[in-house]
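Asks: here is the input, now give the coordinates:
(one chain, ligands or ions: 1)
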Amino acid sequence: MAYELPALPYDYTALDPYISKSTLEFHHDKHHAAYVNNYNGLVKDTPFDSQAIEDVIKAVAGDASKAGIFNNAAQAWNHTFYWNSIKPNGGGTPTGALADKITADFGSFEAFVDEFKKAGATQFGSGWAWLVLDGGTLKVTKTGNAENPLTTGATPLLTMDVWEHAYYLDYQNRRPDYINDFLTKLVNWDFVAANFAAA
Ligand code: MN3
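Replies: Numbering: from 1, shown residues only. I've put the predicted structure just below:
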């Protein structure tokens with residue numbers, strides 16, 4: 001039961017100029033595809049092959065002898081989640097129950113934005129910033145390399161890739177500008193709200 005590389009949920013030019021066609025071609029067709037191919041190769045003919053990738057991620061987390069499986073499984077999953085976390089004409093503000101929960105747990109939407117920006121900007125080296133539901137409370141977290149919140153029991157609602165390959169062709173070293181565009185032009189709040197409603 002191989003994990004399939006999902007097609008991008010929008011056209012390669014749809015996020016331009018914030019994320020270019022060139023970035024999406026490399027990021028989805030090369031980087032994401034490589035994680036998926038590596039993962040499928042590593043679990044082929046093992047008991048993991050028949051398990052959902054989320055279960056494999058949780059099962060091998062922290063096991064140094066299975067770091068290759070973990071890194072490729074988590075990166076395959078993280079990228080699928082990332083593609084769905086953004087959309088053309090995204091950004092703006094959430095509405096309804098999610099908006100109310102953000103205000104309740106962060107104090108205001110602006111306070112959430114500040115915290116999310118800070119998480120992305122201060123993740124040293126490669127990694128991810130997340131909005132998660134953890135024990136009934138919304139929290140902003142950051143993880144290094146392939147790590148993700150599934151391994152700590154939190155429910156991911158939104159993610160932002162801050163590996164350089166996510167933004168370097170379009171922003172070079174200006175990670176804060178990528179983060180700002182991510183939040184103001186790209187976030188798919190409908191996806192976040194659906195994850196929140198299902199949590
Ligand atoms: Mn990436």
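
Asks: tell me who's in contact with Ser22.
Replies: Contact analysis of Ser22 by Cβ atoms under 8 Å, 6 or more residues apart in numbering lists Leu169. C-beta coordinates here come from the backbone N, C-alpha and C atoms, glycine included.

Asks: A helix includes it, no?
Replies: Yes: following the definition DSSP: H, G, I helix; E, B strand; the rest coil, Ser22 is counted among the residues of a helix.

Asks: restrict the helix or strand hosting Ala197 to CA atoms and write it as PDB.
Replies: In this structure, Ala197 sits in helix 189-198 according to DSSP states H and E. Backbone C-alpha positions of helix 189-198 (Å, rounded to 0.1, in the frame of the first residue of the first chain) are rendered in PDB as follows:
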ATOM      1  CA  TRP A 189      -8.300  29.200   6.700                       C
ATOM      2  CA  ASP A 190     -11.100  26.800   5.400                       C
ATOM      3  CA  PHE A 191      -8.600  23.900   5.700                       C
ATOM      4  CA  VAL A 192      -7.700  25.000   9.200                       C
ATOM      5  CA  ALA A 193     -11.300  25.400  10.200                       C
ATOM      6  CA  ALA A 194     -12.100  21.900   8.900                       C
ATOM      7  CA  ASN A 195      -9.200  20.400  10.800                       C
ATOM      8  CA  PHE A 196     -10.400  22.200  14.000                       C
ATOM      9  CA  ALA A 197     -14.000  21.000  13.500                       C
ATOM     10  CA  ALA A 198     -12.800  17.400  13.100                       C
END
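
Asks: name the residues of it that come out as buried.
Replies: Residues of helix 189-198 classed as buried by neighbour count (16 or more other Cβ atoms under 10 Å): Trp189, Phe191, Val192, Ala193, Asn195, Phe196.

Asks: cool, stretch 162-173 as well?
Replies: Within stretch 162-173, the residues that qualify as buried are Val162, Trp163, Ala166, Tyr167, Leu169, Asp170, Tyr171, counting by 16+ other Cβ under 10 Å.

Asks: and if you look at stretch 99-117?
Replies: In terms of neighbour count (16+ other Cβ under 10 Å), stretch 99-117 has its buried residues at Lys101, Ile102, Thr103, Phe106, Phe112, Val113, Glu115, Phe116, Lys117.

Asks: give the other helices and strands that the helix ranked longest in the chain contacts.
Replies: Of all the segments assigned as helix in the chain under DSSP state H, the longest by residue count is helix 67-85. Contacts defined by 3 or more Cβ pairs under 8 Å, 6 or more residues apart in numbering; DSSP states H and E place helix 67-85 against helix 33-43, helix 53-60, strand 155-161, helix 189-198.
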